[in-house]
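Enquirer: using only what follows, build the 3D model:
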Amino acid sequence: MSDWVRSTRDCTLEGLPGDIVTAIHKHVELYNLGLRPSQVSDCIETTSKKSKAGLFERGNREVVTGVLLAPGWLLWAIRADRPDVTVMSARLADITVQDYAATPFAKMVADSGVEITGCFTAVTERGSSFIGLDDSPAAQHFKQQLMGAVQAARK
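Expert: Residues are numbered from 1 along each chain as shown. Take a look at the predicted model:
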């Protein structure tokens, strides 16, 4: 059982919290991604709440993640312990996406979501990132759309 209780919903870019939308716009501009809000084909928001605290843990027990799928791109923005929002992006052709349940890590740490591996914007080495999702129809639909878009981009 995961240490996180997650809630995922469909939304629009404008339907995400204001600080997340602002951070995404800054990221798109900073890295000249050339994306317009009208190009976002799928968008979800996941709120993750820690179900139990560890011995030395403190800070915000809630993480909000906004995830966008646009032609050729995946963007995800995370608001956690700090007031700053962290935004990551990757070209779909430069990543692989795997259901977290199918990864070796899932045997050690139970959770649900997707594992993104590959080259991320402004990162010099290949990396990996976990995006937590619940098991709702919205999360399952987004996961299918993302995996299909990545497969199409890699052909």
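
Enquirer: so after the helix or strand of the chain with the lowest mean pLDDT, what's the next helix or strand?
Expert: Lowest by mean pLDDT, DSSP states H and E among the helices and strands of the chain is helix 105-108, with a mean of 84. In the C-terminal direction, the helix or strand that comes right after helix 105-108 (DSSP states H and E) is strand 113-118.

Enquirer: for that following strand, what is the distance to the chain centroid?
Expert: 9 Å (CA atoms, centre = their mean, to the nearest Å).

Enquirer: report the strands that pair with that strand, each with its relative direction.
Expert: strand 95-99 (antiparallel), strand 127-132 (antiparallel) (DSSP bridges).

Enquirer: where's the closest residue to residue 61 other than its chain neighbours relative to residue 22, distance?
Expert: In this structure, residue 61 finds its nearest non-sequential neighbour in residue 50, 4.3 Å apart by CB to CB, 6 or more residues apart in numbering. C-beta: built from backbone N, CA, C; applies to glycine. Here the criterion is CB to CB, to the nearest Å. By it, residue 50 lies 25 Å from residue 22.

Enquirer: per-residue confidence for residue 13?
Expert: Here the pLDDT value assigned to residue 13 is 96.
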